[in-house]
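Colleague: Provided below for reference: sequence and predicted model.
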Amino acid sequence: MAQRAGSADMPLHGGRVPAWLGQRMTRLGAVIVEAIILEYGRDELLRRLAHPFWFQSFGCVMGMDWHSSVITTSVIGALKRGLAPLSKELGLHVCGGRGRHSRETPAELIAVGERVGLDGEALAKASRLVAKVDSAAVQDGFDLYLHAFIVADDGSWVVVQQGMSDARAQARRYHWLSEGMASFVDAPHAAIEGQGQGRIVNLTDRRAAGSRDAQLDLLGGIGPDGILRELQRIDVPAVPAAQQSLLPHLVMPAHHDVRPENVVERRLHGALAAAADRGPADFADLLLVPGVGARTVRALAMVAEVVHGAPCRFTDPARFSLAHGGKDRHPFPVPTRVYDRTIQVMKSAVLKAKLGNAEELAAIGRLDDQARRLERQATVPCVAALIEEERARSHDYSGRSIFGWEPAGDDAETGA
């Protein structure tokens with residue numbers, strides 16, 4: 001069985017991911033997944049996908065809008081495209097998606113079951129139950145529009161689904177994990193990401209067990225007239241906030257720009273210092289390749305943390321947007337040249353690790369180890385200064401955003 005793992009609230013944004021970024025997200029997302037499975041196994045990947053802070057950081061390091069609802073649809077889309085050719089090798093299948101794709105999830109799961117020998121009908125039932133819980137049993141004002149079901153060959157799974165509230169201009173993401181779940185209706189969530197909206201109807205709360213039992217009795221015993229009489233007698237007491245379930249809960253701000261308060265600077269300092277310290281030692285050969293230099297190693301240090309970092313290190317997802325920027329120029333335009341080199345290095349490391357030579361992948365891991373050692377003592381430019389430097393050099397890195405390529409010279413600072 002499964003449990004809800006966490007949730008996230010984000011500003012509701014529209015629009016589409018441009019093809020030039022979507023293609024890169026597909027390649028980088030797939031190779032990061034491969035690296036995690038090689039290092040920690042498939043179950044650990046599913047646990048991370050069920051953690052709202054890690055999921056948001058994963059999207060940020062891939063260059064998506066660091067705080068918005070689009071990060072969910074774009075990450076799921078990138079994984080579905082990128083992992084499809086690797087599904088047999090990795091034993092991992094991404095089903096569903098946004099809109100009509102969400103409604104196709106049960107049929108996709110049945111097809112996966114037929115291919116790999118799983119009970120596809122049971123998976124389809126689980127998919128429908130998860131969607132029903134977050135749309136009916138939990139009535140929090142968010143209407144579901146995205147449902148993604150990621151299942152492994154051994155039958156373990158994670159669900160990521162998202163709802164929207166037009167009135168609040170917010171989206172809420174719900175995470176479910178099959179590991180350790182005892183019931184679909186009794187405290188099943190691994191996480192829900194979002195801001196508190198006051199009192200809601202939540203029949204999945206353990207304290208609602210009596211209510212669930214009473215509803216069954218009402219349906220089976222007293223009939224419509226009896227139900228009406230009972231409704232007239234109801235007086236629901238307020239539930240203190242302190243008694244509410246404490247699942248991982250991520251709340252993203254409405255402002256577009258990345259601000260110092262959105263980043264834990266000591267962690268950023270550690271990553272940048274590790275890149276400067278370990279880069280020359282671990283990436284000597286790579287640094288001889290045209291285009292792979294200090295800036296690429298800096299991006300790799302943040303990718304390394306996404307691969308190796310513990311859950312407690314993802315409380316500031318905005319920090320990971322400083323690896324490859326964002327499509328809307330926040331915190332800075334996507335440095336496509338750096339992005340492509342990051343993919344190149346990661347693909348080379350993963351391919352060699354599959355063939356038995358794990359040294360490059362281990363070198364990337366050492367970046368993360370060194371970052372944690374250095375973060376308490378390292379001092380580098382502040383977040384604002386780092387963003388200003390990136391914008392000033394954006395043209396040199398082939399910076400690109402939804403507004404186009406970054407121009408050379410002083411015009412690069414004007415933006416759009």
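Modeller: Nice, thanks for sending it over. Residues are numbered from 1 along each chain as shown.

Colleague: when you work out contacts or count neighbours from here on, use the C-alpha atoms and nothing else.
Modeller: OK.

Colleague: tell me which residues of stretch 12-21 are tucked away?
Modeller: Within stretch 12-21, the residues that qualify as buried are 12, 17, 21, counting by 16 or more other CA atoms under 10 Å.

Colleague: which residues sit in contact with the nearest residue to residue 373 once chain neighbours are set aside?
Modeller: Take residue 373 and drop its neighbours on the chain: the residue closest to it by CA to CA, 6 or more residues apart in numbering is residue 270, 7.4 Å away. Contact analysis of residue 270 by CA atoms under 8 Å, 6 or more residues apart in numbering lists 370-378.

Colleague: neighbour count added to these, as CSV?
Modeller: Written out in CSV, the entries for the contacts of residue 270 read as follows (neighbours: other CA atoms under 10 Å):
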residue, neighbour count
370, 18
371, 27
372, 21
373, 14
374, 19
375, 19
376, 13
377, 10
378, 18
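
Colleague: pLDDT on the strand or helix carrying the residue nearest to residue 373, on average?
Modeller: Secondary structure assigned from DSSP states H and E places residue 270 in helix 265-282. Along helix 265-282, the predicted local confidence has a mean pLDDT of 84.

Colleague: pLDDT of stretch 129-148, averaged?
Modeller: For stretch 129-148, the per-residue pLDDT averages 85.

Colleague: next one: stretch 319-331
Modeller: Within the predicted structure, the mean pLDDT of stretch 319-331 is 96.

Colleague: could you do stretch 176-186 as well?
Modeller: Predicted confidence along stretch 176-186 averages 73 (mean pLDDT).

Colleague: name the nearest residue to residue 118, ignoring sequence neighbours.
Modeller: Closest residue to residue 118 apart from its sequence neighbours, by CA to CA, 6+ apart: residue 155 at 6.6 Å.

Colleague: need the three-state assignment for that neighbour.
Modeller: The local conformation at residue 155, judged by DSSP: H, G, I helix; E, B strand; the rest coil, is coil.

Colleague: I'd say it and residue 120 touch.
Modeller: No - counting by CA atoms under 8 Å, residue 155 does not reach residue 120; the two are 9.4 Å apart.

Colleague: okay, these two: which has more neighbours?
Modeller: Neighbours per residue (other CA atoms under 10 Å) separate residue 155 from residue 120, with residue 120 holding more: 21 against 18.

Colleague: need the contact list for that one.
Modeller: 109-114.

Colleague: residue 145: helix or strand, and which one exactly?
Modeller: In the assignment (DSSP H and E), residue 145 maps to strand 143-152.

Colleague: over to residue 301?
Modeller: Since the elements are taken from DSSP H and E, residue 301 ends up inside helix 294-308.

Colleague: tilt between that helix and helix 265-282?
Modeller: In this structure, helix 294-308 runs at an angle of 110 degrees to helix 265-282, with axes from the mean of the first three to the mean of the last three CA atoms, to 10 degrees as the basis.
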